[in-house]
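# this is a predicted model, with the sequence first.
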Amino acid sequence: MYLYLSDANIFCTTVYCVHWLRMLALWDRWAEELLLVSREMIWMVNFFIHKSQQWVGQMQEADANKKVGHRCYVARQAQIYLRLSQQAQDSFERTKGMVRVAE
């Protein structure tokens, strides 16, 4: 144990403190990024489902107005967004599994 602190010891202690604080800030940024990305995954799937439901609503409107061409178009759009939501959900589930393994 040191009875006095020399300038070299104060310098080393300061360097270690600064390094530790920088690593703590880096760790916090990555933790925040992980939180945001996991929520963005959920938001993306919900967005695709919402868009699919919007197109289904337009498809029902086209059915009521007996517009066959419009109905075909909006049915295809609804299918595209539904498929996007399913693919995103599958991809995100695989990614979440990889993150759990890395932790």
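Everything's here; your move.

# which residues touch residue 17?
Neighbouring residues of residue 17 by CB atoms under 8 Å, 6 or more residues apart in numbering: there are none. The way it works is simple: take the backbone N, C-alpha and C, and place the C-beta from them, glycine included.

# begin at 57, not 1, for the rest of this chat.
Understood, numbering begins at 57; the last thing we discussed is residue 73.

# quick one: the helices in this structure?
63-120, 124-158 (DSSP state H).

# export the ones you listed to a markdown table and tack on mean pLDDT?
Compiled in a markdown table, those are given as follows (pLDDT from 0 to 100):
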| stretch | mean pLDDT |
| --- | --- |
| helix 63-120 | 88 |
| helix 124-158 | 88 |
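
# buried residues in stretch 91-111?
By neighbour count on 16 or more other CB atoms under 10 Å, the buried set for stretch 91-111 is 97, 100, 101, 104, 105, 107, 108, 111.

# now do stretch 129-137
By neighbour count on 16+ other CB under 10 Å, the buried set for stretch 129-137 is 130, 131, 133, 134, 137.

# okay, the residues you listed in CSV with distance to residue 72 next?
Output for these, formatted as CSV (distance: CB to CB, whole Å):
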residue, distance to residue 72
130, 63
131, 64
133, 59
134, 59
137, 53
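
# residues touching the residue nearest in space to the middle of the chain, list them.
Nearest to the geometric centre of the chain sits residue 93, at 2.6 Å (CA atoms, centre = their mean). Contacts of residue 93 were listed using CB under 8 Å, 6+ apart, and none were found.

# now residue 134: closest residue in space that isn't a chain neighbour?
residue 111 (3.7 Å; CB to CB, 6 or more residues apart in numbering).

# just give me the neighbour total for residue 114.
Residues lying near residue 114 (other CB atoms under 10 Å) number 17.
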